[in-house]
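Peer 1: Next input, structure requested:
(one chain, ligands or ions: 1)
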Amino acid sequence: MFATLMALGPVYLSGLTFAMLAIFFATRRLVNDRRIYDAGGVRANVMATNPLFAIPFFVSSGWDQMNNRLDKFYANLFRRFGTPSQPNVVEISFFGGTRFIMTREPEHVKTVLTSKFSSYGKGQQFHDAWHPFLGDSIFTTDGKLWSDSRALIRPMFLKDRIRDLEIFDTWAARLINKLPASGETVDICDLFYRMTLDVTTDYLLGASVNSLEDPKNDFAKAFNEVQRIQMLITILSPLNGLIPKYRYNRGIRILEEFMNPYIEATLRISPEELEKMSKNDKEFTFLHNIARFTRDRTVIRDQIMAVLIAGRDTTAATLSWTVYELSNYPHIVRKLRNVILNTVGSSRMPTYEDLKNMPYLTHTINEALRLYPAVPYNVRAALEDTSLPGLPGQPEIIVFKGDVVVYSALSMQRRPDIYPPTSEKFPDPQVFCPERWDHWTPKPWTYVPFNGGPRICVGQNFAMTEMAFCCECHLPLLHSTGLLANRCDSGEVAAEV
Ligand code: HEM
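Peer 2: Sure, this is the predicted structure:
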């Protein structure tokens, strides 16, 4: 048989292989079409069902992501492949099997995050890809493992725990010290990433890695490196085995070596003593709180790692985008500055209540999260055969167990048709304008920077308080030194006085 095939020569052999693959992909598609028909629904509009057509999309999405053009990528996708009955959802598969259903439809987001919450989850593939880094933490699990983690973590994010703003004050002040003299250029984004790493490690462990003072410290370097490789592992998951893991594993070891002494010290405290500390001890940390409920080192390590990754980049990216947009609008900066000076004055630290009582400040952050959600797209795997709703009067989209729904908050939150018509009170949705929030509330499930439903971001209030605190502290200073007067093309802000 082998000799006969070889005798055909390379041209015939390639033709034969191509024909067999074509038959294989066509058959798989027909089988899926039949299953969908039998289930009484439809597919989303198909972009590709074989690697020849799917790989170019895959490569261009990676390229656009690397070049900060994800919004354009999604807009083109739906413009090219959306249909009148399904304008905001399309599907793609590599081998005709597992489908990736890409959507920016609020009803689909609502379905995966709440109406059919138990039918969708992170799934096994996501869990396995992230396991070396985040273990069986809140971030990587579904079902009981997830709900147990959530119950463990939530108490540390209740309002009473966040009211104490001292931690934000300490690190915001250090950041201010790093701002250069008037006339010099600063990469504020880098400073925000270092500050949020310091805040989060301080909050979790009671000890900061102090990356504002020491940007090249091993922890910060390892954390960035592990995250970078983790993104590659996630995006290229079918080719995961080909990605070199030496630096990834070494990075994880460095993170663990930093955390372990704190975990060990906490475990040396007796449960009775921890209970006493929890009542009102200022030194009582997130780590202490977890140790009240579990003495399992792996569980503690996994949850700390998860909250660290969830809380650091998201907050730093939002603060950076806020400053970037503010540098375009001096009148917003002036208005914000007046609001802050009228509410808090210039000599004292704001209280939790002050921060919550400045709607214009909240609206400014909301607006940054509308245009630049820190999690621009997210995925959920179908844990059983299920569906997504069609538009009114249209059949539902059938989703099989293992299919993946990719929903983009970034693309959805920029869809002009989900907003009121443009008017004096409601400028073009592409424009940064905190005032629009004065007399407008987004329709349900059209604005989800923190997700929604049972898995809504557990650190939302912590993040909003941290960001408001930073804006409150930094704005008058950035304004008075002229840092917000001129933004360079690179995105850095330059002092110009
Ligand atoms: C601007 C800041 C933030 C944004 C935009 C944000 C957004 C999100 C989003 C979209 C999710 C859902 C992820 C998913 O289920 O796939 C999430 C989950 C989560 N976030 Fe945040 N987050 C922010 C800050 C924080 C902070 C500061 C913390 C903690 C210090 C935190 C802790 C968490 C945790 C633990 C989860 C997992 C919740 C669960 O699965 O039940 N986040 N966040």
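Peer 1: Over to G393. Which of the three states is it?
Peer 2: Put simply, G393 is coil when judged by DSSP: H, G, I helix; E, B strand; the rest coil.
Peer 1: Could you report the pLDDT at it?
Peer 2: pLDDT recorded at G393 is 93.
Peer 1: show me the contacts for whatever residue of the chain ends up closest to the ligand.
Peer 2: Of all residues in the chain, G459 sits closest to the ligand, at 2.2 Å by CB to the nearest ligand atom. (Each C-beta comes from the backbone N, C-alpha and C, glycine too.) The contact partners of G459, by CB atoms under 8 Å, 6 or more residues apart in numbering, come to 157, 307, 310-311.
Peer 1: cool, Y248 as well?
Peer 2: By CB under 8 Å, 6+ apart, the contact set of Y248 is 132-133, 225-226, 229-230, 233.
Peer 1: Same check on T322?
Peer 2: Shown in contact with T322 (CB under 8 Å, 6+ apart): 364-365, 368, 467, 471.
Peer 1: now the residue of the chain closest to the ligand: how far from T362?
Peer 2: From G459 over to T362 the distance is 16 Å, taken as CB to CB, to the nearest Å.
Peer 1: Near the ligand, which residues of this protein are found?
Peer 2: 138-139, 150, 153, 200, 306-307, 310-311, 314-315, 318, 374-375, 378, 449-451, 455, 457-459, 462-463 (CB under 6 Å from any ligand atom).
Peer 1: mind listing which of those are in helices?
Peer 2: Under the assignment DSSP state H, these contribute 150, 153, 200, 306-307, 310-311, 314-315, 318, 462-463 to helices.
Peer 1: Determine which two of those are furthest apart.
Peer 2: Across those, the longest distance by CB to CB is 22.7 Å; it joins R150 and T318.
Peer 1: which SS class is V405?
Peer 2: strand.
Peer 1: tell me which residues form a beta bridge with it?
Peer 2: Following DSSP bridges, V405 is listed with bridge partners I101, R380.
Peer 1: show me the contacts for it.
Peer 2: By CB under 8 Å, 6+ apart, the contact list for V405 reads 101, 103, 108, 112, 120, 379-382, 388, 399.
Peer 1: Provide the secondary structure category for the nearest residue to M349 once chain neighbours are set aside.
Peer 2: Leaving aside its chain neighbours, M349 sits nearest to D169 (5.7 Å; criterion: CB to CB, 6 or more residues apart in numbering). Following three-state DSSP, the label given to D169 is helix.
Peer 1: Who wins on neighbours among the ones in helices among the residues of the chain next to the ligand?
Peer 2: Neighbour tally across those (other CB atoms under 10 Å): the maximum, 27 neighbours, falls on T200.
Peer 1: mind listing what that one touches?
Peer 2: For T200, the contact set (CB under 8 Å, 6+ apart) comprises 307-308, 311-312.
Peer 1: ok, now I254?
Peer 2: So I254 contacts 218-219, 222 (CB under 8 Å, 6+ apart).
Peer 1: Give me the subset of those lying in helices.
Peer 2: 218-219, 222.
Peer 1: In ChimeraX, select just the buried ones from the residues you listed.
Peer 2: In ChimeraX, this line selects whichever of these come out buried by 16 or more other CB atoms under 10 Å:
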select :219,222
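Peer 1: Looking at the ones in helices among the contacts of I254, which is nearest R43?
Peer 2: Distances from R43 to those, taken by CB to CB, are shortest for A222, at 43.5 Å.
Peer 1: The closest one and G251 touch, don't they?
Peer 2: Yes: under the criterion of CB atoms under 8 Å, A222 makes contact with G251 at 4.0 Å.
Peer 1: Please name the spatially closest residue to F78 (chain neighbours excluded).
Peer 2: Nearest residue to F78, sequence neighbours excluded (CB to CB, 6+ apart): N88, at 5.5 Å.
Peer 1: Please give me every residue in contact with the one you found.
Peer 2: 78, 82, 103-105, 412, 415.
Peer 1: In ChimeraX, how would I select just the buried ones from these?
Peer 2: ChimeraX command restricting these to the buried ones, with burial defined by 16+ other CB under 10 Å:
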select :78,82,103,104,105,412,415
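Peer 1: Now the two most distant members of the contacts of N88.
Peer 2: Going by CB to CB, the pair spanning the contacts of N88 furthest: G82 and M412, at 13.2 Å.
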